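**Student:** Could you look at this predicted model? Sequence included:
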Amino acid sequence: MNHGIQAATGEYISWLSSDDYFLPEKISKQVSFMISHQAEAIFTNYDCIDNEDQLYFRFSEINEVYQSFYFIMQ
């Protein structure tokens, strides 16, 4: 990921891990939101799904997202 960020030449960077996927209009909606709100960074909520695309966890509160990233960064 670090090498990709360093090599990036565009205006925006989006992180997509090998076991993740984006919904078709995710990027265009986020960039549009960023531009209209003059945001420098943005992230969205996400769902955890299993190998059969069955939802097994959905973050429903923004604090849950923050806590999960805090735990990963420890």
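**Tutor:** Yes, it's here.
**Student:** farthest residue from the center of the protein?
**Tutor:** Going by CA atoms, centre = their mean, the residue of the chain most distant from its centre is residue 52, 21.0 Å out.
**Student:** Just to be sure, it is in a helix?
**Tutor:** No: assessed by DSSP: H, G, I helix; E, B strand; the rest coil, residue 52 does not belong to a helix; its assignment is coil.
**Student:** Roughly how far does it sit from residue 21?
**Tutor:** According to CB to CB, to the nearest Å, residue 52 stands 14 Å off from residue 21. All C-beta spots, glycine's among them, are computed from the backbone N, C-alpha and C.
**Student:** ranges for the strands of this structure?
**Tutor:** 47-49, 55-58 (DSSP state E).
**Student:** which residues touch the shortest one?
**Tutor:** Outside of strand 47-49, the residues within contact range by CB atoms under 8 Å, 6 or more residues apart in numbering are 55-59.
**Student:** 10 Å - rerun?
**Tutor:** 19-21, 53, 55-59, 68 (CB atoms under 10 Å, 6 or more residues apart in numbering).
**Student:** Which pair of these spans the longest distance?
**Tutor:** The distance between the two most remote of the contacts of strand 47-49 (CB to CB) is 20.3 Å, for 53 and 68.
**Student:** Compare these two (neighbour count), which wins?
**Tutor:** The residue with more neighbours, out of residue 53 and residue 68, is residue 68; 14 against 8, by other CB atoms under 10 Å.
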